[in-house]
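Engineer: pasting a predicted model and its sequence here:
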Amino acid sequence: MAFALIPLFPLPLVLFPGQVRQLRIFEPRYRAMLQDCLTYQMPFGLVLARPPRPDGEESLPHEIGTTAYITDVERLQDGTFGINIQGGERFRITAFKHDKPYLQGIVEPMPMVETDDERVRPLHRRLSELLPTYLEALTQASGFRYQVHVLPEEPEHLGYLTAIVLQTNNETKQELLSIRQLPRFLAQNIRLLRSELDLMEWIIRTIEQTNATGFGTGGWMNLN
């Protein structure tokens, strides 16, 4: 992808390359965007929205986002659309355009750099060790099963997978998406995993203590 003009869809979420998501399209301007994307067989750019300005006007979104390729479209009974998307390439917006019902942006690709740095392989190995441990801790803490059957062999892909599953806020995820250097990207993922693992261990201990000291049958407190 060279410099290009693409539709922009600001949302309160961060999309990473390779990530699969479902979206619901209901606003007229984004229905028009969807129609244009389907007609011209082009992706749109998903970007993290910023909070409204104090005067109530919409703010421009973050400048770094990910192209979203539409893989499936379903018209729902209420007239809205459900779409499946897959994250493509990262981009940086160089200019915003306001001549359509929806926002557009002139974007340039933002590939990872320093991919051959000597630090990449050791960081990749460490991340490969930490991610399954984190997913197991997340399973114990949440009660939902989180697992990845095969970890990506490419360091960049493993970094994106980690960024996707990390249970952190959009601002932190946006910071990850904005990192250009692969060693720094992997190292930041490792730091976040370690921090989240500490939190998961605390949650698991708290659950175990609550179950051990709870009231009533099976650790539940009976109120009658």
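Structural biologist: Here it is on my side, so go on.
Engineer: use CA for all of it now, contacts and neighbours both
Structural biologist: Will do.
Engineer: now do the helices in the chain.
Structural biologist: Using DSSP state H, the helices of the chain run over 28-40, 120-142, 155-165, 170-177, 182-213.
Engineer: which one of those is the most hemmed in?
Structural biologist: Mean neighbour count (mean count of other CA atoms under 10 Å) peaks for helix 155-165 among those, with a mean of 21.
Engineer: tell me what that helix is packed against?
Structural biologist: Helix 155-165 makes packing contacts with helix 120-142, helix 182-213 when contacts are defined by 3 or more CA pairs under 8 Å, 6 or more residues apart in numbering; DSSP states H and E.
Engineer: weakest of those by average pLDDT?
Structural biologist: With a mean of 81, helix 182-213 has the lowest mean pLDDT of these.
Engineer: and that one, how far out from the chain middle?
Structural biologist: Mean C-alpha position of helix 182-213 versus that of the full chain (CA atoms, centre = their mean, to the nearest Å) differs by 19 Å.
Engineer: how far off helix 170-177 does it point, in degrees?
Structural biologist: 150 degrees (axes from the mean of the first three to the mean of the last three CA atoms, to 10 degrees).
Engineer: export the helices of the chain to CSV and tack on distance to Thr67?
Structural biologist: Below are the helices of the chain laid out as CSV (distance: least, CA to CA, whole Å):
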stretch, distance to Thr67
helix 28-40, 12
helix 120-142, 25
helix 155-165, 14
helix 170-177, 12
helix 182-213, 19
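Engineer: tell me which of the ones you listed sits nearest to Gly79.
Structural biologist: When the helices of the chain are compared by CA to CA, helix 28-40 sits nearest Gly79, at 10.3 Å.
Engineer: near the closest residue to Glu63 other than its chain neighbours, how many other residues are there?
Structural biologist: Nearest residue to Glu63, sequence neighbours excluded (CA to CA, 6 or more residues apart in numbering): Ile93, at 5.0 Å. Using other CA atoms under 10 Å, Ile93 has 24 other residues around it.
Engineer: tell me the angle the longest strand along the chain makes with helix 28-40.
Structural biologist: Longest strand in the chain by number of residues (criterion: DSSP state E): strand 81-97. Inter-element angle recorded for strand 81-97 and helix 28-40: 90 degrees (by the same axes, to 10 degrees).
Engineer: run through the neighbouring helices and strands of strand 81-97.
Structural biologist: Under the contact definition 3+ CA pairs under 8 Å, 6+ apart, strand 81-97 sits against strand 20-25, strand 64-75, strand 104-109.
Engineer: for that strand, what is the distance to the chain centroid?
Structural biologist: That offset, for strand 81-97, works out to 12 Å (CA atoms, centre = their mean).
Engineer: isn't His124 up against Ala187?
Structural biologist: No. With contact defined as CA atoms under 8 Å, His124 does not reach Ala187; the gap is 9.0 Å.
Engineer: how close does Thr67 get to Met200?
Structural biologist: To Met200, Thr67 is 32 Å away according to CA to CA, to the nearest Å.
Engineer: repeat for Gln167
Structural biologist: Distance of Gln167 to Met200, computed by CA to CA: 10 Å.
Engineer: same thing with Tyr30?
Structural biologist: As judged by CA to CA, Tyr30 and Met200 stand 38 Å apart.
Engineer: which intervals of the protein have sub-threshold pLDDT?
Structural biologist: Along the chain, segments meeting pLDDT under 70 span 1-3, 203-204, 207-224.
Engineer: thanks a lot, catch you later.
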